[in-house]
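# using only what follows, build the 3D model:
(one chain, ligands or ions: 1)
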Amino acid sequence: MALSIGSKKKTAVFISGNGSNLRSLIKFSKLKKSPISINLIISDNLMAKGLIYANIFKIDKKIFKFKNRKLDENKLISELKKNKIELICLAGFMKILSKTFIENFKGIILNIHPSLLPKYKGLNTHDRVLKKKDKYSGCTVHFVSSKLDSGKIILQKRVKISKKETPKTLAKKILKEEHKLYPKAILKTFNL
Ligand code: GRF
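Below is the predicted model of the structure:
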C-alpha cells in the first residue's frame, strides 16, 4: 500500500499513555489542509489518559491488551481492515508490533520518537542523552519497519539542551516540538 493524495485518509492513532500527540493530531485533522481524518483510536492500556480524547471528539476506540500478542494482533488487523484504515500513527504506543503486522500495513505506519534518530533508539532517551552530555536532542517522525526505531526518517526537529536540563524539562521541551512535527511530517508524507 502506498500513500496517495485524495480525500482525507482514514487514520488510526495508537496510544498507551497521555495522548498529547493524539490530541495534536486530532486538532490537525480538523484543518482544511489536513490530508487525514482520525477514525479510530487504539490502545493497549484501558487506563490510558489519552482515551479521554475518544470521548471528547467522538472517535471510536478499541482496546487490545496484547496479553496474547498473536491473537490480539490478528483481531487488531481485522479491525483496521474493517474500518478501511489507510494510515496508522503510533503516538506513545508502548507495544512492539510484529513483522506480520507491519507487513500488513507496509509503508503506512508512522511513529514519533523523542530523540534524534538513529541516536537513542528505545526507552529512557532523555536520561541517556543527558548522561552523554549531548548539546542537542530532539524528536523524529519515521516510517515503521520491523527493526525498532529504524525505519526511514521523514522529519526531525532539533532542540538545544540547556545547562540545567533534567529529563523532565527536556521531555517537556521536546514534547512541545513533537506536537508540531507530527502534523508537518504527515503533510510531507503526502507531498503537501
Ligand atoms: C512522546 O514523547 C513520544 O515521542 C513517545 O512517547 C511520548 C508520548 O507522549 N513515543 P503522549 O502520550 O503523546 O503525550
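# what's the helix or strand for the residue of the chain found nearest the ligand?
Closest approach of the chain to the ligand (C-beta to the nearest ligand atom) occurs at residue 92, with a separation of 2.6 Å. Bear in mind the C-beta positions are built from the backbone N, C-alpha and C, glycine included. Residue 92 belongs to no helix or strand when elements are defined using DSSP states H and E.
# do the same with residue 13
According to DSSP H and E, residue 13 maps onto strand 9-15.
# with just CA atoms, put that strand into PDB.
Extracted C-alpha coordinates of strand 9-15, given in PDB (Å, rounded to 0.1, in the frame of the first residue of the first chain):
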ATOM      1  CA  LYS A   9      -7.200   9.300   4.600                       C
ATOM      2  CA  LYS A  10      -8.800   7.300   7.300                       C
ATOM      3  CA  THR A  11      -6.200   7.200  10.100                       C
ATOM      4  CA  ALA A  12      -5.900   5.200  13.300                       C
ATOM      5  CA  VAL A  13      -3.800   6.500  16.200                       C
ATOM      6  CA  PHE A  14      -2.200   4.000  18.600                       C
ATOM      7  CA  ILE A  15      -1.600   5.200  22.200                       C
END
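# ok, residues contacting that strand?
Applying C-beta atoms under 8 Å, 6 or more residues apart in numbering, the external contacts of strand 9-15 come out as 3, 21-22, 25-26, 29, 35-43, 48, 50-51, 80, 83-93, 190.
# excluding residues flanking it in the chain, which one is nearest residue 77?
Spatial nearest neighbour of residue 77, excluding adjacent residues (C-beta to C-beta, 6 or more residues apart in numbering): residue 104 at 5.4 Å.
# tell me the spacing between the one you found and residue 115.
According to C-beta to C-beta, to the nearest Å, residue 104 stands 27 Å off from residue 115.
# okay, these two: which has more neighbours?
residue 115 (21 against 18; other C-beta atoms under 10 Å).
# and the biggest helix by length in the chain, what does it pack onto?
Identified as the longest helix of the chain according to DSSP state H is helix 167-189. Applying 3 or more C-beta pairs under 8 Å, 6 or more residues apart in numbering; DSSP states H and E, we find helix 167-189 packed against helix 20-29, strand 87-90, strand 109-113, helix 125-131, strand 136-143, strand 153-160.
# residue most distant from the centroid, the chain?
Here the chain reaches farthest from its C-alpha mean at residue 163, the gap being 29.2 Å by C-alpha atoms, centre = their mean.
# helix or strand: which one has that one?
Residue-wise, residue 163 maps onto no helix or strand under DSSP H and E.
# equivalent analysis for residue 39, please.
Assigned by DSSP H and E, residue 39 falls within strand 36-43.
# quick one: name whatever helix or strand follows that strand.
Counting by DSSP H and E, the next helix or strand C-terminal to strand 36-43 is helix 52-56.
# got the residues of this protein near the ligand?
Within the chain, the positions near the ligand by C-beta under 6 Å from any ligand atom are 15, 17-21, 50, 91-92, 112-114, 175, 178.
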